[in-house]
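Participant: got a sequence here, can you model it:
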Amino acid sequence: MTVLPDDGLSLAAEFPDATHEQWQHLVEGVLRKAGKDVSGTAAEDALSTALEDGMRSRPLYTARDAAPDPGLPGFAPFVRGGRPEGNTAGGWDVRQRHTTAADGVVLADLENGVTSLWLVLGDAGIPVSSLGDALDGVYLDLAPVVLDAGAETEAAAHALLALYDERGVPKDVARGNLGADPLGHEARTGTSLPFAPAAELARRCAEQYPGLRALTVDALPYHEAGGSAAQELGAALATGVAYLRELTGAGLTVEQAAAQLEFRYAATADQFLTIAKLRAARRLWARVTEVSGASSAQTQHAVTSPVMMTRRDPWVNMLRTTVATLAAGVGGADSVTVLPFDHALGLPDAFARRIARNTSTILIEESHLARVIDPAGGSWYVERLTDELAHAGWDFFQRIERAGGQAAALRSGQLRDDLAATWEARTGKLAKRREPVTGVSEFPHLAEQPVVREPAPEPPSGGLPRVRRDEAFEALRARSDAHLAATGARPRIYLAALGPAAAHTARLTFASNLFQAGGIEPVTEGTFEESGATEACLCSSDAVYEEQAAEVAGRLKAAGAAHVFLAGRPGDHPGVDGHVFAGCDAVAVLSATLDRMGVS
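Facilitator: Reported below is the predicted structural model:
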């Protein structure tokens with residue numbers, strides 16, 4: 001009988017350790033079969049993925065990729081969380097956003113799992129004069145309230161403080177944020193606000209309301225303008241530094257000033273990037289407060305990204321927001337707002353609000369995600385990505401500071417140009433479907449019934465633009481919808497499947513997917529004459545094309561096809577007018593096709 005050692009870790013002791021070089025050698029063999037003759041680090045690089053901000057995601061991370069020590073949870077540099085206990089004492093704060101208080105939606109959310117309120121006030125939401133009505137029945141000593149009132153922040157803040165007094169809420173019990181964010185308002189509207197009212201609110205909170213913050217550092221305007229994760233971090237950091245300077249200049253200590261700030265970030269369906277972004281943000285802010293003579297953990301509010309929300313097949317948004325919420329929780333966000341799946345369509349209905357709040361509830365109560373402090377900590381990939389993103393964010397922050405600070409970068413147009421350049425590059429990937437959008441550019445469903453919602457209040461505008469991943473394909477689909485309404489039919493294309501199923505199935509599926517993304521209905525049954533189409537696309541293997549493409553293209557032209565595509569890489573086939581293939585500019589191809597079809 002063999003007795004195992006007490007450590008229990010020697011079961012594989014007789015097997016030699018695999019080396020990094022051995023793994024690379026295996027990768028070389030696989031790539032060689034795919035026609036790529038590369039070796040060593042070049043083989044590994046061939047499997048890496050380019051990210052924004054000059055970063056790359058590699059296929060393998062080991063102890064050789066160690067990052068700087070992230071410290072312990074609750075201690076500087078706060079990479080692993082702002083509190084030693086993390087979110088284990090009940091999970092993160094489930095904060096729901098409201099632009100209307102009609103039909104008891106505020107109370108309904110609080111009664112069903114929401115733990116704090118984010119109220120949009122003013123022209124873009126609830127009238128400031130109706131704040132009391134919106135909070136009717138709300139126990140203000142239990143439910144934190146976060147305001148978002150833009151130019152009406154001062155009036156909204158005074159209205160909330162007056163409500164606390166009227167309802168007998170002790171000053172040391174009040175919780176939430178008054179939402180002053182002059183630079184965020186300027187980013188949204190292009191209109192500057194004086195800082196003095198925000199400083200006075202901060203002074204009042206510091207002296208009388210220990211549980212209230214006065215200012216929000218909202219990074220969503222930069223994310224919604226197309227910025228990368230590093231640009232979002234850099235802009236938020238520059239805004240936070242500007243507010244520290246203003247508040248300390250108004251007489252607050254660095255500790256008091258830092259305690260008045262809450263940072264708001266976007267959480268996307270890129271889960272690892274979101275995890276790393278929140279961890280990197282705490283590290284960067286810890287560095288700022290350290291050189292300012294204090295040590296302060298950043299308070300974070302994560303919001304599922306509006307940029308990733310789609311108007312077509314909006315049900316898929318539930319999956320996107322679930323992944324984003326998971327990432328926000330793992331990344332250590334203090335508060336999380338899940339935007340309802342129909343957010344891009346107007347005011348959410350009761351079902352959408354329920355799904356939104358239950359997303360956090362399931363992750364906290366059923367998946368037990370909050371029971372572990374910093375679940376991603378120790379992962380070589382996450383730690384390395386956190387470090388790289390922190391450096392990229394710091395570089396962008398320094399670029400803003402060299403421009404004179406956040407206000408100057410906004411007013412000079414530098415920040416707008418930087419964000420626009422990033423979005424332009426990303427738009428190219430979206431157009432080529434290198435960044436697929438499920439339900440929109442991939443697996444679209446032309447026959448789906450539109451989801452209709454009551455219009456939401458118009459958000460503030462006049463400053464940085466708001467972009468969406470689906471916008472180019474949405475414009476194409478809107479053209480198709482208008483054509484359907486006017487003629488009773490969608491524009492059609494005939495897909496000619498050549499050869500046996502084994503030869504044509506893959507490219508037939510690809511072509512059908514691509515044309516539907518532009519609102520063009522594919523027809524695969526019957527003849528071209530019976531299809532009602534004006535254009536056609538050949539679908540098969542390269543070998544079948546060599547034998548049949550020219551002949552079939554000629555017959556289609558004779559039958560009236562004005563344009564014949566071939567699904568696959570460009571090749572010399574008489575009668576073929578264009579090609580569709582993986583990596584082609586789908587938006588350009590589809591737009592030109594609709595133009596030829598007379599679909600305006």
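
Participant: what's the distance between residue 149 and residue 341?
Facilitator: 26 Å (CB to CB, to the nearest Å). All C-beta spots, glycine's among them, are computed from the backbone N, C-alpha and C.

Participant: now do the helices in the stretch 351-500 of the chain.
Facilitator: With helices called from DSSP state H, counting those that start in this stretch, the stretch 351-500 of the chain shows them at 380-402, 406-412, 414-431, 471-487.

Participant: against which helices or strands is the last one packed?
Facilitator: Packing contacts for helix 471-487, counted by 3 or more CB pairs under 8 Å, 6 or more residues apart in numbering; DSSP states H and E, involve helix 414-431, helix 586-596.

Participant: about what we covered before: save the helices of the stretch 351-500 of the chain as JSON lines, and put in distance to residue 83 too.
Facilitator: Shown next, in JSON lines, are those (distance: least, CB to CB, whole Å):
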{"stretch": "helix 380-402", "distance to residue 83": "18"}
{"stretch": "helix 406-412", "distance to residue 83": "28"}
{"stretch": "helix 414-431", "distance to residue 83": "32"}
{"stretch": "helix 471-487", "distance to residue 83": "39"}
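
Participant: residue 200: which of the ones you listed is closest?
Facilitator: helix 406-412 (19.2 Å; CB to CB).

Participant: tell me the buried residues in stretch 507-525?
Facilitator: For stretch 507-525, burial by neighbour count (16 or more other CB atoms under 10 Å) applies to 507-508, 510-523.

Participant: among the residues you listed, which lie within helices?
Facilitator: Secondary structure assignment by DSSP state H places 507-508, 510-517 of those in helices.

Participant: thought residue 57 was touching residue 388, still the case?
Facilitator: No - using CB atoms under 8 Å as the test, residue 388 is too far from residue 57 to be in contact (9.8 Å).

Participant: of the two, who's got more company?
Facilitator: Comparing residue 388 with residue 57 by neighbour count (other CB atoms under 10 Å), the higher total belongs to residue 388, at 20 against 16.

Participant: residues touching the nearest residue to the more buried one once chain neighbours are set aside, list them.
Facilitator: Counting by CB to CB, 6 or more residues apart in numbering, residue 388 lies nearest to residue 55, which is 5.1 Å off, once chain neighbours are set aside. Going by CB atoms under 8 Å, 6 or more residues apart in numbering, residue 55 touches 385, 388-389, 392.

Participant: ranking these by neighbours, who comes first?
Facilitator: residue 389 (28 neighbours).

Participant: now do the residue nearest to it when sequence neighbours are not counted against residue 294, distance only.
Facilitator: Of all residues not flanking residue 389 in the chain, residue 280 sits nearest, at 4.4 Å (CB to CB, 6+ apart). Computed with CB to CB, the distance linking residue 280 and residue 294 is 20 Å.

Participant: just to revisit the earlier point, the helices of the stretch 351-500 of the chain: which one's closest to residue 193?
Facilitator: Taking those one by one with CB to CB, helix 406-412 is closest: 10.7 Å.

Participant: what is whichever helix or strand residue 327 is part of packed up against?
Facilitator: For residue 327, the host element (DSSP states H and E) is helix 317-331. Here helix 317-331 touches strand 261-267, helix 271-291, strand 300-304, strand 335-337, helix 350-361, going by 3+ CB pairs under 8 Å, 6+ apart.

Participant: now do the SS call for residue 23.
Facilitator: Recorded secondary structure, residue 23: helix (DSSP: H, G, I helix; E, B strand; the rest coil).

Participant: I meant residue 89, not that one.
Facilitator: Strictly by three-state DSSP, residue 89 counts as coil.

Participant: residue 333 versus that one, what's the distance?
Facilitator: Residue 89 is 15 Å from residue 333, by CB to CB.

Participant: what's the answer for residue 322, then?
Facilitator: 15 Å.

Participant: now swap in residue 558 and tell me
Facilitator: From residue 558 across to residue 333, the span is 63 Å (CB to CB).

Participant: of those two, who's got more company?
Facilitator: Between residue 558 and residue 333, counted using other CB under 10 Å, the more crowded position is residue 333 (30 against 10).

Participant: wait, the more buried one touches residue 92, no?
Facilitator: Yes - using CB under 8 Å, residue 333 is in contact with residue 92, at 5.9 Å.

Participant: could you pull up the residues touching the spatially closest residue to residue 420 that is not a sequence neighbour?
Facilitator: Nearest residue to residue 420, sequence neighbours excluded (CB to CB, 6+ apart): residue 226, at 6.6 Å. Neighbouring residues of residue 226 by CB under 8 Å, 6+ apart: 307, 419-420, 422-424, 426, 465, 467.

Participant: which one of these is nearest to residue 15?
Facilitator: Checking the contacts of residue 226 one by one against residue 15 (CB to CB), the nearest turns out to be residue 426, at 44.8 Å.

Participant: how many residues are close by the closest one?
Facilitator: 19.

Participant: if I look at residue 373, how far off is residue 292?
Facilitator: Where residue 292 is concerned, residue 373 sits at a distance of 27 Å (CB to CB).
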